[in-house]
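> 3D model of this:
(4 chains)
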Protein chains: 2
Amino acid sequence: MGKNLTKRQKEILRHILTFYEENNYPPSVRDIARLHNCSVKGAYDHILALEKKGFIERAARRSRSIVLTESAKHVLRPASERRIPLIGRIAAGGPILADEHFEEFCDFPLDKWEKDNYRFFALKIEGDSMRDAGILDGDIGIFRYQQSAEPGKIIVALVDSEGTAEKEATVKYYFREGRRNILRAANPAYPDTIVQNLQIQGILRGLVRPQV
Amino acid sequence: MGKNLTKRQKEILRHILTFYEENNYPPSVRDIARLHNCSVKGAYDHILALEKKGFIERAARRSRSIVLTESAKHVLRPASERRIPLIGRIAAGGPILADEHFEEFCDFPLDKWEKDNYRFFALKIEGDSMRDAGILDGDIGIFRYQQSAEPGKIIVALVDSEGTAEKEATVKYYFREGRRNILRAANPAYPDTIVQNLQIQGILRGLVRPQV
DNA sequence: TGCCAAATGAAACGAACGTATACTATAATT
DNA sequence: AATTATAGTATACGTTCGTTTCATTTGGCA
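Numbering: from 1, shown residues only, chains lettered A, B, ... in the order given. Alright, predicted model coming up:
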């Protein structure tokens, strides 16, 4: 997965999407050649390359059978615009919005809630430490990506996870006391956590509960 | 517009939709003929008829250029099956799923959660009576429409609202005690409500919280 | 019964389409 | 310097596809 796209290949991808959005059916090889202003073979080669890299799928010898994969859609419209990546485990040090962390995408009517340019991600919440804030085990939190937060907000922070080199995302209230950062659960059973170097990843902006 | 469909034509329409959902690109005339188990000409004539009646659109001489119109989608799957109506106030006696109650539609990734034939609706929840179940004021509950429920489930029930002839929808835990129906809040500050003739409208299947 | 109209099918034509061959050129990598 | 990946043109082959022609069947209905 996650191979790199060349500039031309990305152009082709976008042409395919554009054609599809305008016509509601996929383009033929010649349609793509026309849009890209190149020869049929040129377009065809790009299609083969895009297929090999996993950005499109198609049926051999069938006309107009190109479909964009999730990766392609993700490349063409960044997470913030429409689809929210659901984050899995976070490797040490890496940025939270790297492709390798995306387990799947969480379709979400985001555009009705927010119209700005922030990027969002989703995180499955485990445990009942935020129970009293109405956030239960299994809920999917929708977070706006930002690296700082006002005290009192519910945030995602990265903390070291035992036994592995990976980090773990934890969801807590964020407070400050002097120079110390405090992570506080919304459940009196959990004690505060005090951390010096806090890696804030985002603040809670929404919630989805798959089942009740 | 809105002409009538013959039985065969509706079958063809459904075949087109089925093919499209399975492949993500439209069928060719021969694909349709295969699905309908008829000749190419038979399928083609049906396509022409469907086009004349406004259920499909297509580009002449272009392969796989059939697209279903809104009318077709409406015929094939009524609104209630996919988009979730957001219910406003409920007039006295009327069924909860009447058009007049829909204030708007709540687009929701329903298909990933449920694959059955139930009908769903959404309801904005007011108050904090279900706070301890993680359902806060302003949350939008997603309910499966059904008129009975097992005890212990969170349901929507219709109760008389003071001063008006209208009914109000209330969300509570449902319990039984002998022949009496008990509506119980998930907040100790609220007392149980005991009702004799309970109008259950649906049970909670999901939740969306627009803002935190 | 006989006739019309709608529905259906086999076959075929030509356009649209995927695919292949051959050749050129550029840039990055080995 | 050789290799590989990318990008491109022009041309052509064979398949898929929309469309048409002609003939056949089917189902009312006068």
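> Please see if the helix or strand that residue A:50 is a member of touches chain B.
Assigned by DSSP states H and E, residue A:50 belongs to helix A:40-52. No - residues of helix A:40-52 contacting chain B under C-beta under 8 Å from any C-beta of the partner chain: none, with a closest distance of 14.0 Å. C-beta coordinates here come from the backbone N, C-alpha and C atoms, glycine included.
> That helix - contacts with which helices or strands?
helix A:7-23, helix A:29-36, strand A:56-57 (3 or more C-beta pairs under 8 Å, 6 or more residues apart in numbering or on different chains; DSSP states H and E).
> average pLDDT for the shortest one?
Yep, that's strand A:56-57 we're talking about. The average pLDDT within strand A:56-57 is 88.
> immediately after it, which helix or strand?
Using DSSP H and E, the first helix or strand after strand A:56-57 is strand A:67-68.
> Which element is encountered next along the chain beyond the worst-scoring helix or strand of chain A on mean pLDDT?
Least confident element among the helices and strands of chain A, by mean pLDDT, DSSP states H and E: strand A:102-106 (a mean of 50). Sequence-wise, the next helix or strand downstream of strand A:102-106 (DSSP H and E) is strand A:120-124.
> Residue A:203 against residue A:144, yeah?
Yes - applying C-beta atoms under 8 Å, one finds residue A:203 in contact with residue A:144, separated by 5.6 Å.
> if we can go back for a sec, distance to residue A:182 and mean neighbour count added to the helices and strands packed on helix A:40-52, as CSV?
Formatted as CSV, the helices and strands packed on helix A:40-52 follow (distance: least, C-beta to C-beta, whole Å; neighbours: other C-beta atoms under 10 Å in any protein chain shown):
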stretch, distance to residue A:182, mean neighbour count
helix A:7-23, 44, 16
helix A:29-36, 55, 17
strand A:56-57, 48, 19
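> between the ones you listed, which gets nearest to DNA strand C?
Shortest distance between DNA strand C and the helices and strands packed on helix A:40-52, using C-beta to the nearest atom of the strand, is found for helix A:29-36: 3.2 Å.
> hmm, the closest one touching DNA strand C?
Yes - contact of helix A:29-36 with DNA strand C (C-beta under 7 Å from any atom of the strand) involves A:29, A:30, A:31.
> what about the first one, distance to chain B?
Looking back up the chat, that one is residue A:29. Distance, residue A:29 to chain B, using C-beta to the nearest C-beta, to the nearest Å: 12 Å.
> Which pLDDT does the model give that residue?
pLDDT, residue A:29: 92.
> quick one, what contacts it?
Shown in contact with residue A:29 (C-beta atoms under 8 Å, 6 or more residues apart in numbering or on different chains): A:40, A:43, A:44, A:47.
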